[in-house]
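**Q** Mind folding the following:
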Amino acid sequence: MDDDGNPVENTGTLWSSDAPEVAIVDQTGRVTGNAPGTADITATVDGEEAMATVTVVPATRLGFDPRSVEFRVRRGDQPESATARVTADGPVTDATVAATDPTGLPAAWLQGRLSEDAGGLVLTLAPDARGMTVGQHDASLTVTARPEGQDLTVMAELPVTLIVEGESDPEPSDPEPPDRGFVPTPEQIEPLLTRQEVILNGIILGDLPRSAAEAVDDTARAVLAQGWLTQHQRAEAAFVLAGALLELRSCAGAVQWAQEAVRLAPDERGYRTFLEQAERCGS
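**A** Presented below is the predicted three-dimensional model:
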């Protein structure tokens with residue numbers, strides 16, 4: 001810029017640092033920090049100099065102890081929660097946590113909760129194996145935080161594995177939908193809904209064709225037609241129906257029934273996570 005603030009043609013700017021062990025500068029003016037400290041960066045054009053002082057602060061790194069977590073459970077059982085300590089080079093604030101699967105979508109089966117004790121941040125991992133197919137399921141918990149006194153964020157990712165052991169369900173190519181007059185008994189509800197969640201997981205994993213969601217849709221609607229359901233059962237059935245509609249690309253219906261599941265079970269985080277996924281349908 002000239003004295004009036006107007007841009008001038010670059011006739012050859014020379015950049016230099018008086019402390020390259022702290023920070024270096026290339027001939028485009030890009031500064032790279034090497035170590036904590038201060039350095040004066042000088043730009044010289046036609047014998048005229050301008051200088052700025054750069055302060056390099058220590059990088060705050062996040063990590064976890066342990067560096068990964070594995071859950072192993074028999075099919076039909078629920079794994080116990082686990083904890084991991086969040087390690088940091090310095091104090092951090094505004095920490096948040098999010099669970100994602102390998103595709104980057106929310107991992108509905110995994111929840112993370114941050115708390116603080118005398119030793120710092122603690123991450124509690126709470127997996128939900130209900131309806132999960134036999135095999136290995138991978139996800140990660142990402143913690144994002146702001147180093148105290150700095151206007152930037154740092155993050156770290158904790159790999160999490162859930163291994164469900166047991167006999168796999170048969171892999172039907174096209175599960176038969178129930179008769180339209182199908183009326184489930186109270187004893188059938190829980191295993192019936194669990195089975196539908198297994199089928200949905202099979203569709204998501206590519207083990208079953210997407211058309212299998214039509215049978216899940218029929219079953220969930222048959223369950224919801226029963227007036228004697230508990231609130232928990234109705235919420236789970238609404239969640240199952242929303243999942244089937246999402247696989248059938250009925251976005252509006254998926255959102256409607258996911259909202260119903262959240263309304264009936266507002267404390268169920270998995271339903272809220274699925275609702276957010278359904279709201280992104282078609283976008």
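
**Q** Could I get the buried residue list for the host helix or strand of residue 95?
**A** Assigned by DSSP states H and E, residue 95 belongs to strand 92-100. Buried residues in strand 92-100, defined by neighbour count with 16 or more other CB atoms under 10 Å: 92, 95, 97, 99. The C-beta positions use only the backbone N, C-alpha and C, and glycine is treated the same way.

**Q** now the nearest residue to residue 121 once chain neighbours are set aside, which residues is it bridged with?
**A** Once flanking residues are discounted, residue 121 sits nearest to residue 86: 3.8 Å by CB to CB, 6 or more residues apart in numbering. Residue 86 has these beta-bridge partners by DSSP bridges: residue 64.

**Q** Contacts only, for residue 86.
**A** Counting by CB atoms under 8 Å, 6 or more residues apart in numbering, residue 86 touches 62-64, 95, 114, 120-123, 143, 145, 156.

**Q** Also residue 186?
**A** Counting by CB under 8 Å, 6+ apart, residue 186 has contacts residue 228.

**Q** For it, give its distance to residue 14.
**A** Between residue 186 and residue 14 the distance is 83 Å, computed by CB to CB, to the nearest Å.

**Q** Next, residue 126: secondary structure please.
**A** Here residue 126 is recorded as strand under DSSP: H, G, I helix; E, B strand; the rest coil.

**Q** Which parts of the stretch 101-250 of the chain are helices?
**A** 186-204, 213-224, 231-247 (DSSP state H, counting those that start in this stretch).

**Q** So what angle separates the directions of the longest one and helix 213-224?
**A** Here the directions of helix 186-204 and helix 213-224 differ by 160 degrees (axes from the mean of the first three to the mean of the last three CA atoms, to 10 degrees).

**Q** What count of nearby residues applies to the closest residue to residue 140 other than its chain neighbours?
**A** Nearest-residue entry for residue 140: residue 157, 4.9 Å, with adjacent residues in sequence omitted and distances by CB to CB, 6+ apart. A total of 16 residues lie near residue 157 under the criterion other CB atoms under 10 Å.

**Q** Can you name the residues that contact residue 157?
**A** With CB under 8 Å, 6+ apart, residue 157 has these contacts: 140-142.

**Q** Nearest to residue 207 among those?
**A** residue 140 (22.5 Å; CB to CB).

**Q** number of nearby residues for that closest one?
**A** Count around residue 140 with other CB under 10 Å applied: 20.

**Q** hang on, isn't it packed against residue 158?
**A** Yes - counting by CB atoms under 8 Å, residue 158 is a contact partner of residue 140 at 6.2 Å.

**Q** all strands for the protein, in order.
**A** With DSSP state E as the criterion, the chain has strands at 14-17, 23-25, 31-33, 37-45, 48-56, 62-65, 69-74, 82-88, 92-100, 110-117, 120-127, 135-147, 154-165.

**Q** right, so of these, which gets closest to residue 265?
**A** So among the strands of the chain, strand 110-117 is nearest, using CB to CB, at 14.0 Å.

**Q** avg pLDDT for the closest one?
**A** Strand 110-117 shows a mean pLDDT of 92.

**Q** now swap in stretch 253-271 and tell me
**A** On average, stretch 253-271 scores 89.

**Q** can you pull the buried residues of it?
**A** Quick answer for stretch 253-271 (16+ other CB under 10 Å): 253-255, 257-262, 264-265, 268-271.

**Q** Give me the pLDDT for residue 197.
**A** 84.

**Q** and what of residue 178?
**A** 49.

**Q** what's the nearest residue to residue 90 if we skip its chain neighbours?
**A** Among residues not flanking residue 90 along the chain, residue 60 sits closest, at 5.0 Å (CB to CB, 6+ apart).
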